[in-house]
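S.K.: pasted the sequence and its predicted model underneath.
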Amino acid sequence: MLNKKLASTILLLLILIGALGSIIFSPSHVLKSYQIKNTLKKVESSQVESVVKPYLGQSFWRLNLDELHAQIVRLDWVYRASVTRHWPSQVDITIEEQQPVVRWGKDGLLNKNGDIFYPSDIKAFQNLVELDGDDGKAKQLLKDLVIFQKAFDQLGWTISRIVMNADNVWQIYFVKQPTIELDAMDWQHKLNRFIRAYPLVKEALRKNARLYDLRYSNGFAIKQNSETQQTDKTGS
């Protein structure tokens, strides 16, 4: 008798679970809304809406979240995003926006991790330092910028642009100062040597300099402005 009651109870529970499951997971249960869970400063909410709108009316449980997520992260200024179902008929969207720290070439930007991204408009960021080179060297160039700027702070120079050429030569541009050329071989020694020697360079040479070439093993060259057509070599 007890076994029959237990069997009946189990059967009833299975029926209830099945009925509940059929309601919850029914294909007729559709996505009706979405909510952006954080405040957006650069990503336009209208862009998010244009991505999500085609998914409204689709089955809540059969909705392809990976596909929706992939479309959201392709939007301008989106660094990372999460998309989750929110019972009974909503998806929640959280977006982490890109935070640019420098420009990359003429059209791109770099975030603090050295990741390149290309928004449709970067006019508001023309005041940032520009880095340029092979895309695979973006992260390293960002680290180089920090190291170089710390070194040139000793002279009161401010970097405006760094270019890494294919032959591993840095061209370092400054605000109202001559350009620096530096190669990768023993670069720390060459840079430190220049920082120490610069205050000893004659005022006339400094005033007319357009480029300091640090690539020499025993000193550096001072290339003068075009009207003088002169190159001076300073040893250490």
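M.R.: On my side now, so go ahead. Residues are numbered from 1 along each chain as shown.
S.K.: give me phi/psi at the most centrally placed residue in the chain?
M.R.: Nearest to the geometric centre of the chain sits residue 111, at 2.6 Å (CA atoms, centre = their mean). The phi and psi values for residue 111, taken as degrees, to the nearest 10, are phi -90, psi -180.
S.K.: surely it and residue 101 touch.
M.R.: Yes. Residue 111 is within contact range of residue 101, at 6.4 Å (criterion: CB atoms under 8 Å). All C-beta spots, glycine's among them, are computed from the backbone N, C-alpha and C.
S.K.: quick one: list the elements packing against the helix or strand where residue 212 lies.
M.R.: Assessed by DSSP states H and E, residue 212 sits inside strand 209-213. Judged by 3 or more CB pairs under 8 Å, 6 or more residues apart in numbering; DSSP states H and E, strand 209-213 is in contact with strand 177-183, strand 219-224.
S.K.: looking at those strands, which is closest to residue 60?
M.R.: For the helices and strands packed on strand 209-213, the distance to residue 60 is smallest for strand 177-183, at 58.9 Å, taking CB to CB.
S.K.: I'd like the average pLDDT over that closest one.
M.R.: In this model, strand 177-183 has a mean pLDDT of 98.
S.K.: can I get the CA coordinates of it in CSV?
M.R.: Output of strand 177-183 as CSV, limited to C-alpha atoms (Å, rounded to 0.1, in the frame of the first residue of the first chain):
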residue,chain,number,x,y,z
GLN,A,177,61.7,69.8,-29.2
PRO,A,178,63.9,68.1,-31.8
THR,A,179,63.2,64.5,-32.9
ILE,A,180,65.1,61.5,-31.3
GLU,A,181,66.2,58.5,-33.3
LEU,A,182,67.1,55.4,-31.2
ASP,A,183,67.8,51.8,-32.3
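S.K.: chain center to the following helix or strand past it: distance?
M.R.: Of the helices and strands lying after strand 177-183 in sequence (DSSP H and E), the nearest is helix 187-197. How far helix 187-197 lies from its chain's middle: 30 Å, per CA atoms, centre = their mean, to the nearest Å.
S.K.: what angle do helix 187-197 and strand 177-183 make?
M.R.: Orientation of helix 187-197 against strand 177-183 (axes from the mean of the first three to the mean of the last three CA atoms, to 10 degrees) gives an angle of 150 degrees.
S.K.: neighbouring contacts of helix 187-197?
M.R.: Helix 187-197 has contacts (CB atoms under 8 Å, 6 or more residues apart in numbering) with 148, 151-152, 154-155, 170, 180, 182-183, 212, 214-216, 219-220, 234, 236.
S.K.: cool, thanks, signing off.
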